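[1] Provide a 3D model corresponding to the input given below.
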Amino acid sequence: MRSPSSCARGALRLVLGAGLLAAVAGDVAAQSTRFVATDTIWYATNRAPSGDRWRDEPGALSFGARTFSVGTAVVGDLLWSGSVPATLVGDTAMAREDWLAALGAGLFSSTQPELPILVYVHGFGTSFEEVTEHAAELRRRGSFTGPLVVFSWPSRGSGVSWPTLKYPLSTAYRRDRSQAQESISDFVSLLRDLVSRYSASRIVVVAYSLGNQLLDGAIRDSTIGPRLTLTPLRTLAFVSPDVDATWFTDSLLTHAQRTSTRQVLYGARNDRMLLASSFVNKSPRAGRLDGSAGWPESLEVVDMTDGPVTGNWFIRHFGSNHALRRRPAAMLDLFAIVLRGAPRSCRSFLSQMARDSADRWRLTPAPTPMAIATGPDSLAACRATTPQ
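    This is a model prediction of the structure:
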């Protein structure tokens, strides 16, 4: 059994409880309820193994599943400040074909067969243990019952490398950026397997931060791009994309429109991590919404700048403003609207969402953690009756 990373302590501060998003499915627990659930996270990784752990060096593409016991406390405002611990209880390596078969068994046994396969690609400075544990927490908090697949590339989990004379402050980032590029072929291999077995129309890819560079390379790859043009992916979600803003506008979006039915971007103008990246890369980043005036109307944009940030006082006032898990209203949008295939207009039922135009939305600094303005039944009715 692989041990959870020490970085998981940060995950215990994740603040959006499962009860908040469970309201979307109509199964919010009572205020005093505490429960523990078991969640399976499927993984594909091109990290090199080392005993019972995965290193931050490249290796052959491997497959498996991790099982977590996820406990959630649902106690009023603790939804926004409580912890959602996930404890590893099982870790099984699998051959590729066995993995695909087991994944399919979980997909077709879902009580909500319309749910997609969610493929998540992490960003800079993330360990294998950290991303799988976070995925288990997010799946539980999002009341998502479909399969969640993590693609874990060999990013350096500590986010730290020995400085060099040329790059004294950005060595780790540059190293991860290079590893992301070198991992594109393995990510393409994973997507080909999933598309061949289950159809692209059942797949939603959520790429976070530097993970968007892998996604960019994958959808323009000649071995899968033409196939996705014929049968597009259900959705591509760009979360805080660490991508050159001009490249995103002029190139990446063009390929995204060809290879997916729906495109959604979550960004923040006050994202300090991407501000640092813009200095390292000497170009503005799409995740800070630079260049958004040139984005097509088909791209749904959720501006997280003014949305509430969870965490302690220091994080709320001086944090990076980069992590999706600290933006509960954005998480609600991802799970309640995007992953459930709700039309964009249904965002009007989310109380912390203001509409600027047909495809531009922004989070508001609402004083109370209201999930749905007029109740979960209204949102469910919107999903069922409003054309996409």
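
[2] which residues in the stretch 101-250 of the chain form helices?
    128-141, 171-182, 184-198, 211-219, 225-230, 245-247 (DSSP state H, counting those that start in this stretch).

[3] So which residues make contact with the fourth one?
    Here helix 211-219 makes contact (C-beta atoms under 8 Å, 6 or more residues apart in numbering) with 121-123, 151, 153, 177, 180-181, 183-184, 187-188, 191, 205, 207, 224-225, 228, 236, 238-239, 241-243, 252, 255-256, 258-260, 286-287. All C-beta atoms are positioned from the backbone trio N, CA, C, and that covers glycine.

[4] how many neighbours does residue 379 have?
    Using other C-beta atoms under 10 Å, residue 379 has 25 neighbouring residues.

[5] Same question for residue 222.
    7.

[6] Over to the one 4 residues further on?
    As a burial measure, residue 226 scores 11 neighbours (other C-beta under 10 Å).

[7] could the helices of the stretch 101-250 of the chain be laid out in a markdown table, adding distance to residue 281 and mean pLDDT?
    Conversion of those to a markdown table gives the following (distance: least, C-beta to C-beta, whole Å; pLDDT from 0 to 100):
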| stretch | distance to residue 281 | mean pLDDT |
| --- | --- | --- |
| helix 128-141 | 23 | 88 |
| helix 171-182 | 8 | 93 |
| helix 184-198 | 18 | 97 |
| helix 211-219 | 11 | 97 |
| helix 225-230 | 25 | 95 |
| helix 245-247 | 10 | 97 |
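
[8] So for residue 99, which of those helices sits nearest?
    Distance to residue 99, taken as C-beta to C-beta, is lowest for helix 184-198 among the helices of the stretch 101-250 of the chain, at 8.8 Å.

[9] Show the contacting residues for the nearest residue in space to residue 291 that is not next to it in sequence.
    Once flanking residues are discounted, residue 291 sits nearest to residue 245: 3.9 Å by C-beta to C-beta, 6 or more residues apart in numbering. With contact taken as C-beta under 8 Å, 6+ apart, residue 245 is in contact with 283, 284, 285, 286, 288, 290, 291.

[10] one step back: reformat the helices of the stretch 101-250 of the chain as CSV; add distance to residue 62.
    Output for those, formatted as CSV (distance: least, C-beta to C-beta, whole Å):
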stretch, distance to residue 62
helix 128-141, 11
helix 171-182, 16
helix 184-198, 10
helix 211-219, 17
helix 225-230, 24
helix 245-247, 31
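
[11] who wins for proximity to residue 54 among the ones you listed?
    helix 128-141 (4.1 Å).

[12] quick check: angle from that closest one to helix 211-219?
    90 degrees (axes from the mean of the first three to the mean of the last three C-alpha atoms, to 10 degrees).

[13] Check which helices and strands helix 128-141 sits against.
    Helix 128-141 is packed against helix 8-11, helix 18-22, strand 34-50, strand 53-73, strand 86-94, strand 148-152, with contacts defined by 3 or more C-beta pairs under 8 Å, 6 or more residues apart in numbering; DSSP states H and E.

[14] Quickly note the distance from the closest residue to residue 64 other than its chain neighbours to residue 219.
    Residue nearest to residue 64 in three dimensions, not counting chain neighbours: residue 93, with 4.4 Å by C-beta to C-beta, 6+ apart. The gap separating residue 93 from residue 219 is 29 Å, by C-beta to C-beta, to the nearest Å.

[15] In terms of neighbours, single out the busier of the two.
    A count of neighbours by other C-beta under 10 Å puts residue 219 above the other of residue 93 and residue 219, at 23 against 13.

[16] Now do the more buried one against residue 65, distance only.
    For residue 219 relative to residue 65 (C-beta to C-beta), the value is 26 Å.

[17] before we move on, the earlier item: how about the helices and strands packed on helix 128-141 in JSON lines, adding distance to residue 344?
    Below are those laid out as JSON lines (distance: least, C-beta to C-beta, whole Å):
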{"stretch": "helix 8-11", "distance to residue 344": "30"}
{"stretch": "helix 18-22", "distance to residue 344": "18"}
{"stretch": "strand 34-50", "distance to residue 344": "28"}
{"stretch": "strand 53-73", "distance to residue 344": "29"}
{"stretch": "strand 86-94", "distance to residue 344": "31"}
{"stretch": "strand 148-152", "distance to residue 344": "23"}
